[in-house]
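K.L.:
Here is my input; please provide its structure:
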Amino acid sequence: MTAGTGTPAPAPLLIACALGIERLALRGGLGGAAGPVTVLRTGMGPQAAERAVTRALGGVPPGPGGETAVIATGFCAGLAPGMHPGDLVVADETRDPAGRTECAGVELLAKELARVAPRRVIHTGPLVGSDHVVRGAERGALHAAGALAVDMESAATLRSAVRAGARPVAAVRVVVDAPEHELVRIGTLRGGISAFRVLRTVLPAFFEWHRSLLLPRR
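P.N.:
Residues are numbered from 1 along each chain as shown. Purely as a prediction, here's the structure:
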């Protein structure tokens with residue numbers, strides 16, 4: 001219970017990202033969270049994400065508010081024509097060859113992201129997982145199959161999270177390159193810098209999503 005209120009304390013929140021530069025962007029704004037928050041750097045690729053998330057959740061007992069909620073975040077490649085670096089992608093599901101994972105609180109996340117990043121375009125749709133960097137014709141093929149964006153860790157992160165126990169999961173990614181704006185190296189070109197700055201703004205939206213998990217369901 002939260003002291004003096006009789007209200008159950010919220011479950012912990014695990015925010016998973018792959019890269020050190022992503023973790024650096026996220027670490028600057030952890031104040032204001034509803035409960036315990038961990039920013040986990042998983043390493044690149046689906047196998048690294050699966051190992052890291054499974055290990056992290058295996059060592060975290062359920063809090064008074066339930067199982068740890070998980071958000072996968074970081075950078076991604078946009079697949080739809082007209083997307084730009086710095087756009088935000090809110091997954092309604094993640095997909096990869098191992099299956100699909102449904103995301104929770106998609107509309108709330110999109111709404112809160114619009115509030116904290118009002119100048120950014122927000123896209124909602126399927127986020128597909130890959131075990132390699134996607135370029136050229138393969139990007140077009142994934143979009144034709146219905147995917148909005150692609151990254152290497154989100155699908156594995158969410159699948160590993162729900163496999164470790166029933167819990168709310170979500171994925172929010174910042175577009176670092178897109179069909180008309182392909183990058184060679186993250187962090188050295190304008191698109192990478194723009195995506196880094198946007199990623200620094202998203203934590204308040206994550207915290208509101210987390211708080212919403214405590215609200216009574218009607």
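K.L.:
any idea how far the longest helix anywhere in the chain is from the chain center?
P.N.:
Secondary structure of the chain per DSSP state H: the longest helix is helix 46-58. On the basis of CA atoms, centre = their mean, to the nearest Å, helix 46-58 sits 15 Å off its chain's mean C-alpha point.
K.L.:
Endpoints of stretch 27-36, how far apart?
P.N.:
14 Å (CA to CA, to the nearest Å).
K.L.:
Let me see the mean pLDDT of the longest helix of the chain.
P.N.:
Helix 46-58 carries an average pLDDT of 95.
K.L.:
Next: stretch 11-20.
P.N.:
92.
K.L.:
Please spell out which residues along it are buried.
P.N.:
11-19 (16 or more other CB atoms under 10 Å). Every residue, glycine included, has its C-beta placed from N, CA and C.
K.L.:
what does stretch 199-212 give?
P.N.:
Those would be 199-210, for stretch 199-212 by 16+ other CB under 10 Å.
K.L.:
what about the strands in this structure?
P.N.:
Here the chain has its strands, by DSSP state E, at 13-17, 37-41, 69-78, 88-96, 99-102, 122-129, 149-151, 169-177.
K.L.:
wait, T38 sits on L13?
P.N.:
Yes. Assessed by CB atoms under 8 Å, T38 is found in contact with L13 at 7.4 Å.
K.L.:
any residues touching stretch 156-167, and which ones?
P.N.:
Residues from elsewhere that reach stretch 156-167, judged by CB atoms under 8 Å, 6 or more residues apart in numbering: 11, 14, 16, 42, 46-47, 49-50, 53-54, 57-58, 62, 66-70, 72, 94, 96, 98-99, 101, 103, 129, 169-171.
K.L.:
Recalculate using a threshold of 7 Å.
P.N.:
With contacts defined as CB atoms under 7 Å, 6 or more residues apart in numbering, stretch 156-167 is touched by 16, 42, 46, 49-50, 53-54, 57-58, 67-70, 72, 94, 96, 98-99, 101, 129, 169, 171.
K.L.:
From K111, how far off is L88?
P.N.:
12 Å (CB to CB, to the nearest Å).
K.L.:
of those two, who's got more company?
P.N.:
Just comparing L88 and K111: by other CB atoms under 10 Å the higher neighbour count belongs to L88, 27 against 15.
K.L.:
Poorly predicted segments of the protein, please.
P.N.:
1-10, 28-32, 34, 59-66, 179-192, 214-218 (pLDDT under 70).
K.L.:
one step back: just the buried ones from the contacts of stretch 156-167, in ChimeraX syntax?
P.N.:
Of the contacts of stretch 156-167, the buried ones go into a single ChimeraX selection, burial set by 16+ other CB under 10 Å:
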select :16,42,46,49,50,53,54,57,67,68,69,70,72,94,96,101,129,169,171
